[in-house]
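*Asks:* here are the coordinates; sequence isn't available:
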């Protein structure tokens, strides 16, 4: 197959930093909501979305499982919330549901079902120019961002802020002051990471230029970013076949064959890092075409050293999103092109 | 690429029915254990394993989320349990951990960590000829099966039995008598399904004969079987590239491209069925090479009609396992062949 003509990757969005500042400025609203709910007997938190919105829930869910022995937390696609009849979905539940447009049909249906069951709904959606959205109308509280292009980061930040707020209200957050200081540093930290990932972008762009399939590995909170990269950025936006593999399960099947195609490992600095490192050590020894996106390569300015593990899944997700631009440039593909989405009935 | 020589698929294991009978005969032990734990204040259940053992946890986890507002339930790979520092892992927790050999290093490490934290451990492993295993030694209770080849089914059954037992003890199982009657019918029902899936096996065998990548879709409890088929039966045992896609998220990215390769949808009769049906309707209209494994095609003798949704994820998993034999026969691949597993250090 002849390689397409390489073009320069689109630059990072100009509105990145102000959009993230707008997002973290809502930490106080998240804390106030969580305090009210915990006082009223919050028992279960459901993190819900479709596609990229769903994959943005992973760091939040991970935080809850690590720290909460009070409110239980689950994540699922909106489709699954609609169809599964959840025992915990009642007035003691918080549903955090995200949809960029605020109009994704499955997410809206899940939210309406949750409201009918008595749950509190926190919506995460774009909101700009004074316009509202169906999700904003349905939700008890809206956590928003004003951008059409800076989307991955504010969703993941809002989910994470809400998880931190619930943990804090439940008395289960080990170092609340440090955590919120780290969140406040996210706009600068992620802006830096977005630029610092460029050398990797050039490398994987070249590796993926003529690839027919890419495997993306990640563990723990970073498995969400691995899935988003595979499903949203490669399959959907680059028409490149891709598969996400949990780095924690890589040695129980997939490692037999994935190295025949390019492999990318996403490594954060959270507690699950060892699983990614083990996969990297194996790839180094046995595979030809592999790379690693490692948050240790990011400066994360303003993030206290002890909080890098908290912030790294956000940085990994943000940097992984940036790789799509390099991939699209190398493959000469327009990431906005669609065969079916919004074009046919489904 | 020249097609390999087709050989006849290996027949279903001769020990299938007695192995399943041995497995469901332990329902009473599961119920006794669950009753003790719930009385002692069980708060959290963790379903844990690696590879196929992990994927066997999905139906159990799904049951718990649907029905329990008491004990919370999570599933994760053993690697993740080791590395994540879970807040609920204390003397109020039950860890259900599975390893066929009873010697998987990550699973053993997870179990030792759980025991140290005070949790009760139920092990699921092969046990035969009076031999024991490290998992059997470590576990507070062992749920076993005697076969070297009938492995997928007894693991999934044991996980499911334990979930049902906890729900029953917590007073959260809607129709315990019906559920246990259905479980008792599983040996006959799954044996029938194993044979009834043969026409599909021939069909997908032919479709996958020269395939370079296969996509497997499933939703809810069937997403575990989709992952097991992709990772264990295709990637590991057939050296065929594969990717599991959550049918509930198919329309939020993957559907743009997956139809360029063969697609298989796994459909059960649980509440999530609508998501799989929607994917099938789309594939029918837009894709060339696709198939559906539908539990409605199985007779499931002895299973009360109202309980087919409970049993269908087990039948889907069992039938999906059978497809590997047809795939291996068509591709002329020996499913026991390994490049790395147990052969190199990792």
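*Replies:* Arrived safely, thanks for sending. In this text the structure is predicted, and so the values were computed from the model without any measurement.
*Asks:* For the rest of this, base every contact and every neighbour count on C-alpha atoms.
*Replies:* OK.
*Asks:* Residues of the stretch 1-150 of chain A that sit close to chain B?
*Replies:* Where the stretch 1-150 of chain A comes near chain B, counting by Cα under 8 Å from any Cα of the partner chain, the residues are A:50-51, A:65-69, A:72, A:77-80, A:83-88.
*Asks:* Show me which of those are buried.
*Replies:* The neighbour-count test (16 or more other Cα atoms under 10 Å in any protein chain shown) marks A:50-51, A:65-69, A:72, A:77-80, A:83-84, A:86-88 as buried among the residues of the stretch 1-150 of chain A next to chain B.
*Asks:* ok so, going back, sitting in strands, which of the residues of the stretch 1-150 of chain A next to chain B do you find?
*Replies:* A:72, A:77 (DSSP state E).
*Asks:* quick one: residue A:294 from residue B:190, how far?
*Replies:* Per Cα to Cα, to the nearest Å, residue A:294 is found 45 Å from residue B:190.
*Asks:* can you check residue A:70 too?
*Replies:* The gap separating residue A:70 from residue B:190 is 39 Å, by Cα to Cα.
*Asks:* For these two, indicate the residue with more neighbours.
*Replies:* residue B:190 (27 against 21; other Cα atoms under 10 Å in any protein chain shown).
*Asks:* For the more buried one, give me its contacts.
*Replies:* For residue B:190, the contact set (Cα atoms under 8 Å, 6 or more residues apart in numbering or on different chains) comprises B:300, B:314-315, B:318.
*Asks:* Show me where the stretch 151-300 of chain A has its strands.
*Replies:* Using DSSP state E, counting those that start in this stretch, the strands of the stretch 151-300 of chain A run over residues A:214-218, A:242-246, A:263-267, A:290-294.
*Asks:* any chance of those strands in TSV, plus mean neighbour count?
*Replies:* Shown next, in TSV, are these (neighbours: other Cα atoms under 10 Å in any protein chain shown):
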stretch	mean neighbour count
strand A:214-218	27
strand A:242-246	26
strand A:263-267	27
strand A:290-294	20
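*Asks:* any chance of the ones you listed in TSV, plus distance to chain B and mean pLDDT?
*Replies:* TSV is the format used below for these (distance: least, Cα to the nearest Cα, whole Å; pLDDT from 0 to 100):
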stretch	distance to chain B	mean pLDDT
strand A:214-218	9	98
strand A:242-246	5	97
strand A:263-267	13	98
strand A:290-294	17	98
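*Asks:* Nearest to residue B:92 among those would be which one?
*Replies:* strand A:242-246 (28.2 Å; Cα to Cα).
*Asks:* show me the contacts for residue A:151.
*Replies:* Going by Cα under 8 Å, 6+ apart, the list of residues near residue A:151 reads residue A:100.
*Asks:* any idea how far chain B is from it?
*Replies:* Using Cα to the nearest Cα, to the nearest Å, residue A:151 is found at 15 Å from chain B.
*Asks:* and if you look at residue A:220?
*Replies:* From residue A:220 over to chain B the distance is 7 Å, taken as Cα to the nearest Cα.
*Asks:* And for that residue, nearest residue in space, chain neighbours not counted?
*Replies:* residue A:272 (5.7 Å; Cα to Cα, 6 or more residues apart in numbering or on different chains).
*Asks:* Hmm, residue B:84 and the one you found touching each other?
*Replies:* Yes. Between residue A:272 and residue B:84 there is a contact under Cα atoms under 8 Å: 6.3 Å.
*Asks:* Find residues that contact each of those two.
*Replies:* With Cα under 8 Å, 6+ apart, residue A:272 and residue B:84 have common neighbours residue A:220.
*Asks:* per-residue pLDDT, the residue nearest the centre of chain A?
*Replies:* Residue closest to the mean C-alpha point of chain A, counted by Cα atoms, centre = their mean, is residue A:56 at 2.7 Å. If you check residue A:56, the pLDDT there is 98.
*Asks:* Which residues are in contact with it?
*Replies:* Residue A:56 is in contact with A:152, A:155-156, A:159, A:224-225, counting by Cα under 8 Å, 6+ apart.
*Asks:* tell me the contacts of the closest residue in space to residue A:150 that isn't next to it in sequence?
*Replies:* Take residue A:150 and drop its neighbours on the chain: the residue closest to it by Cα to Cα, 6+ apart is residue A:16, 5.9 Å away. For residue A:16, the contact set (Cα under 8 Å, 6+ apart) comprises A:150, A:187, A:191.
*Asks:* now residue A:196
*Replies:* The neighbourhood of residue A:196, defined by Cα under 8 Å, 6+ apart, consists of A:297-298.
*Asks:* Return the distance of it relative to chain B.
*Replies:* 27 Å.
*Asks:* now that residue: how far from residue B:150?
*Replies:* 50 Å.
*Asks:* Residue A:310 now?
*Replies:* To residue B:150, residue A:310 is 42 Å away according to Cα to Cα.
*Asks:* quick one: low-confidence ranges for the stretch 101-250 of chain A?
*Replies:* Across the stretch 101-250 of chain A, not a single residue meets the criterion (pLDDT under 70).
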